[in-house]
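> predicted model follows, preceded by the sequence.
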Amino acid sequence: MSIQRERRDEWDRVQLLDTDGRLLPDADPPDLGDEALLAIYEDLRLARHFDERAVSFQRQGRIGTYAPIAGQEGAQVASAHALGAADWLVPTYREHAAKLVRGMEPAALLCTMAGHGEGYAIPGELNVTPEYVPIATQVPQTVGMAWASRLQGEEQAFLCYLGDGATSEGDFHEGLNFAGVFDTPNVFFCNNNGWAISLPRERQTASATIAGKARAYGFEGVQVDGMDPLAVYRVTREAVEKAKDPPEDERRPTLIEAVQYRYSAHSTADDPEVYREGVSEEWLDRDPIPRFGAFLRRSGRLDDELDDAIRTRVEERVADAIEVAEAVEADPDKVFEHVYAEPPDRLREQRAELDALRERHGDAPFRK
């Protein structure tokens, strides 16, 4: 027996720029000055260059498994720029660009990827949580943070990133249900990049859109072109304002579905050629960096000289970060810390083996 699924998409996908970086005829762009627009562009450049270097470093064995972001920079950078200074950002393991926008240093991110626990430490002045790796566990936790903030009378929004795969987890439904009932100041930002590792979007859910899932929880869902930074900024900013700025009885959470495509693998431990063909021209034409750059050039905000200067700053910043991160020395003793209150026999044996190697060779083999 075949099952017929009704697939009606009643959500208009928000888009402001065409693939050539021209404002669409009916576009309503956000009110951003030259400085803010150029800052978004420089952060897009930083995200792409950081991503390229990180993938290269992983292939050289200089960092561990890495989650690439190529193609998703527009959604991350623009949404993070839409937050206010007091708002919170809750990332997954792929939100490198968003964390950079919020003030994390590239060197800290690289230290984390190289296995140094100190890289996970968030400077106290930054409203960013450590990254979440288990799928969807951050959703109810972000809702709890938002609910606590509201009970204390604070004016903060809490932006929670998730992938389309997270929408199949129980934590997603529990979190959004609570947010809808108690009107927590949340913005749920789903990066729908077409694949949950090897599972395509159409196998993930029978819903016509992910944005449409918000209806079940009693609040608004918005679908946006995730590779259009201008549209992502506007949609996210509106959601942030709705979460915290209206009178208390009018504040509502929002679910944003940013439709995009990841150009590379799910992670450097993944081989996408096994389950999908190469990136189509349609998605390459939507690349957020040249698209947004073309918009800035057409509006007279960007030229070759400024673009070159931005590229130089970005390359120097990443190069400096690499130098700082690679100067951090590994301490093998930390391998045995923070796992067991009472180490089991096998761990004691491994520690004894390490001590024996040190007695024979010193610490030199364990240092860079």
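Sure, I can see it.
> so for stretch 160-178, what gets flagged as buried?
For stretch 160-178, a neighbour-count test (16 or more other Cβ atoms under 10 Å) marks 160-167, 169, 171-173, 175-176, 178 as buried. Placement of C-beta: from N, CA and C, glycine included.
> among the residues you listed, which one sits closest to residue 245?
residue 160 (18.4 Å; Cβ to Cβ).
> is that closest one in a helix, a strand, or coil?
strand (DSSP: H, G, I helix; E, B strand; the rest coil).
> and the residue nearest to residue 12 when sequence neighbours are not counted, how many neighbours?
Counting by Cβ to Cβ, 6 or more residues apart in numbering, residue 223 is the residue found nearest to residue 12 once chain neighbours are left out, at 7.5 Å. Per other Cβ atoms under 10 Å, the neighbour tally for residue 223 reads 24.
> and residue 223, what element?
Applying DSSP states H and E as the criterion places residue 223 in strand 220-225.
> check residue 187 too.
Assigned by DSSP H and E, residue 187 belongs to strand 186-192.
> the helix or strand following that strand pairs with which strands, parallel or anti?
Following strand 186-192 in sequence order, the next helix or strand is strand 195-196 (DSSP H and E). Strand 195-196 has the following strand partners under DSSP bridges: strand 199-200 (antiparallel).
> average pLDDT for the partner strand?
Averaged across strand 199-200, the pLDDT comes to 87.
> touching the helix or strand just after that strand from outside, list them.
Sequence order places helix 201-204 as the next helix or strand after strand 199-200, per DSSP H and E. Helix 201-204 is contacted from outside by 164-165, 167-168, 192, 194-196, using Cβ atoms under 8 Å, 6 or more residues apart in numbering.
> can those go into CSV with extra columns for distance to residue 139?
Shown next, in CSV, are those (distance: Cβ to Cβ, whole Å):
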residue, distance to residue 139
164, 13
165, 12
167, 10
168, 12
192, 15
194, 21
195, 20
196, 15
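> and those residues, which is closest to residue 13?
Nearest to residue 13 out of those is residue 192 (Cβ to Cβ; 10.9 Å).
> tally of neighbours for the closest one?
26.
> pLDDT wise, what is residue 276 at?
pLDDT for residue 276: 87.
> same question, residue 267
With respect to pLDDT, residue 267 scores 89.
> swap in the one 3 residues further on?
With respect to pLDDT, residue 270 has a value of 87.
> quick one, helices of the protein?
Counting by DSSP state H, one finds helices in the chain at the ranges 34-59, 73-81, 96-101, 106-113, 138-151, 170-182, 201-204, 229-244, 281-285, 288-298, 304-326, 345-361.
> adding distance to residue 215, write those out as CSV.
Output for the helices of the chain, formatted as CSV (distance: least, Cβ to Cβ, whole Å):
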stretch, distance to residue 215
helix 34-59, 31
helix 73-81, 22
helix 96-101, 27
helix 106-113, 36
helix 138-151, 17
helix 170-182, 10
helix 201-204, 18
helix 229-244, 16
helix 281-285, 28
helix 288-298, 28
helix 304-326, 41
helix 345-361, 50
